[in-house]
Every structure is written in C-alpha cells, then in structure tokens.
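# would you be able to build a 3D model of this:
(one chain, ligands or ions: 1)
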Amino acid sequence: MSEANDRAVETVDEDPHEGGFRAHAAITTDRGGPRYGEFSEQVRLLMDNARYACPDDELVDELIESLKALNDRLADSRIDEWHSPAGTRIDLPSRGNITLPPYVVTEVNDNGVVAELTFRDFHLGGNNAAHGGHVAVAFDDVGGFASAVAIQHVSRTAYLTVQYRSITPLNTPLRIHAWADRIEGRKVFIKGTLYDGDRLCAEMDALFIKLNPGQA
Ligand SMILES: CCCCCCCCCCCCCCCC(=O)SCCNC(=O)CCNC(=O)[C@H](O)C(C)(C)COP(=O)(O)OP(=O)(O)OC[C@H]1O[C@@H](n2cnc3c(N)ncnc32)[C@H](O)[C@@H]1OP(=O)(O)O
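Numbers count the residues shown, from 1 in each chain. Here you go, the predicted structure:
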C-alpha cells in the first residue's frame with residue numbers, strides 16, 4: 001500500500017450500516033458523477049488487458065510508474081465503503097461495483113431477478129471459459145438480490161452450491177436468473193440458472209439467512 005493509501009482511511013460520523021449492510025437503500029446515481037460509468041469501464045479494461053498482457057521489461061517499468069501515479073491519485077479520493085459509489089450506482093452494471101462481473105438487470109418480479117451478464121477477459125479460468133469462482137460470485141450477488149426482493153430485507157449467504165453443467169464463455173451476453181424457491185422463517189432458499197442462449201452453463205442452490213436487527 002502506498003502513503004496515499006495510508007492517508008485514505010477516512011471515517012464518517014454517522015453509523016450508516018445495519019445488519020452488516022447499508023441501513024438505507026442508498027439509491028443514488030450522483031456519487032462519482034456522470035462519468036463514473038466510463039471510469040468503471042476503463043478500470044475493467046485495465047483488468048482485462050492486464051490479464052492478457054505480456055509486456056517487455058521497458059514497458060513494465062513504464063507501466064509501474066504510470067500505475068503508481070494513478071494509484072496515488074485514486075487513493076486520495078478514497079472514502080468508507082458506505083459512501084463509495086461502487087455498489088450503489090444502480091444506473092450502472094452491477095451497481096457500479098467493478099469487483100463483480102458486469103450484469104444489467106432486465107426483470108425484477110415475483111419470479112425473481114433476471115439479468116444479462118457478461119464475463120470478460122479478466123474472468124478467464126482457462127481455454128476462453130469463465131473461472132468457476134467468478135460464476136459463483138455472479139450467483140452470490142444475483143442470488144442475494146433475489147433474496148432481498150423476496151423478503152424486502154438484507155440477508156447473508158449461508159451456503160451456495162454451483163453445478164457447472166457446461167462451459168461458460170467469456171465476452172458473451174448470458175442470462176442469469178435467481179429466484180426464491182421457498183422461505184422458512186429467516187431462511188430463504190434461492191435457486192438460479194445461467195444460460196448461454198438455450199444452453200445451461202450452471203445452476204445454483206443457495207441458502208440466504210435474513211439478518212436480525214444489528215446482526216453483523
Ligand atoms: C443500493 C441499491 C439496492 C439495489 C437492490 C439491492 C440488491 C442487493 C444485492 C446485494 C447482494 C449481495 C449478496 C452478497 C451476499 C454475501 O456474499 S454475504 C457474505 C458471505 N456470507 C457470510 O459471510 C455469512 C457468514 N455466516 C454468518 O454470518 C452466519 O452463519 C449466518 C449465515 C448469518 C447465519 O447465522 P445466524 O444468523 O446466527 O443463524 P442461525 O441461527 O445459526 O441459523 C438460522 C437458521 O439457518 C440455518 N443455517 C444457518 N447456516 C446454515 C448453513 N450453512 N447450512 C444450512 N442451514 C444453515 C440454521 O440451521 C437455522 O435453521 P433453523 O434452526 O431456523 O431451522
């Protein structure tokens with residue numbers, strides 16, 4: 001971590017979290033400004049290019065200097081997790097969270113949550129296919145979303161099982177669907193599917209637990 005990173009630990013007086021997540025929906029399209037989506041896309045491209053890059057020594061030297069300068073500037077604008085745009089920008093893919101595979105929600109209703117999701121070069125597992133861990137990340141987020149829709153409350157993943165049925169391609173719009181199969185008290189049983197066209201890539205079977213008030 002750089003010096004700028006050390007300086008960047010900023011605290012906020014109010015206590016904006018509840019049950020381990022945001023107390024308020026914090027729905028905003030303002031934080032980060034109108035070009036935050038373009039910024040996120042450039043970061044994703046950086047990750048994609050870094051994944052496949054084979055720079056020579058001279059370029060590595062140059063890139064390290066550029067990245068150091070960039071990281072210092074970014075670190076200066078860090079804020080706590082509750083106020084950062086990432087995760088709250090509902091106008092952007094995956095709510096502006098660049099650590100998630102980008103997805104755009106197309107349906108939210110009694111049948112759950114449906115989204116168009118694209119794994120990118122950064123998500124490579126091998127042989128042009130998505131890494132299984134990234135598939136699980138996608139299911140966790142969209143599954144958590146479906147749980148939130150079903151119970152109108154925050155929940156945490158207790159378990160999440162993925163059945164990998166066929167290769168999940170990169171750079172291909174996929175259809176991810178998660179829905180509440182049943183609810184028993186605080187337990188929300190979530191199921192999910194990931195399709196490339198008509199081909200089933202993976203299935204999810206997960207349990208989310210509704211958090212008690214103040215639960216971490
Ligand atoms: C701003 C814009 C908004 C837009 C729209 C919002 C969309 C917003 C989407 C966000 C999407 C994020 C989605 C990420 C979600 C994570 O990734 S969360 C992070 C990963 N998960 C964790 O770190 C959880 C770690 N584990 C824990 O904290 C605790 O074990 C848990 C899961 C909270 C459960 O603990 P607990 O509350 O003490 O529950 P406990 O009393 O032990 O168990 C309750 C019941 O569940 C059962 N149970 C608990 N664990 C298990 C298990 N592993 N297996 C089977 N049964 C279990 C118990 O047996 C018990 O059953 P009953 O006796 O009631 O029949």
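# when you work out contacts or count neighbours from here on, use the C-alpha atoms and nothing else.
Fine.
# list the helices and strands the helix or strand encompassing D181 packs on?
In the assignment (DSSP states H and E), D181 maps to strand 174-184. Here strand 174-184 touches strand 112-117, helix 132-151, strand 187-196, going by 3 or more C-alpha pairs under 8 Å, 6 or more residues apart in numbering; DSSP states H and E.
# out of the ones you listed, flag the one nearest the ligand.
The closest of these to the ligand is helix 132-151. By C-alpha to the nearest ligand atom, the value is 3.7 Å.
# compute the inter-axis angle for the closest one and strand 174-184.
50 degrees (axes from the mean of the first three to the mean of the last three C-alpha atoms, to 10 degrees).
# please point out which parts of helix 132-151 sit buried.
Residues of helix 132-151 classed as buried: 132, 134-136, 138-150 (neighbour count, 16 or more other C-alpha atoms under 10 Å).
# tell me which residues are up against it.
100-101, 108, 110, 112-113, 123, 125, 153-157, 160, 162, 164, 176-180, 188, 190-192, 204, 206, 208, 210 (C-alpha atoms under 8 Å, 6 or more residues apart in numbering).
# residues in contact with I98?
I98 neighbours (C-alpha under 8 Å, 6+ apart): 40, 43-44, 86.
# can you tell me the SS state at it?
Classification of I98 using DSSP: H, G, I helix; E, B strand; the rest coil returns coil.
# for this protein, what helix or strand is lowest in average pLDDT?
When the helices and strands of the chain are scored by mean pLDDT, DSSP states H and E, helix 3-7 comes last with a mean of 44.
# pLDDT score for D80?
pLDDT, D80: 89.
# could you tell me which residues of the protein lie near the ligand?
Contact residues, the chain versus the ligand (C-alpha under 6 Å from any ligand atom): 25-27, 88, 90, 140-141, 144-145, 156-159, 187, 209, 211.
# among those, which pair sits farthest apart?
Largest separation among the residues of the chain next to the ligand by C-alpha to C-alpha: I27 and Y159, giving 27.5 Å.
# quick check: the residue nearest to the spatial centre of the chain vs D140, distance?
Closest to where the C-alpha atoms of the chain average out (C-alpha atoms, centre = their mean) is L100, at 2.6 Å. Distance, L100 to D140, by C-alpha to C-alpha, to the nearest Å: 10 Å.
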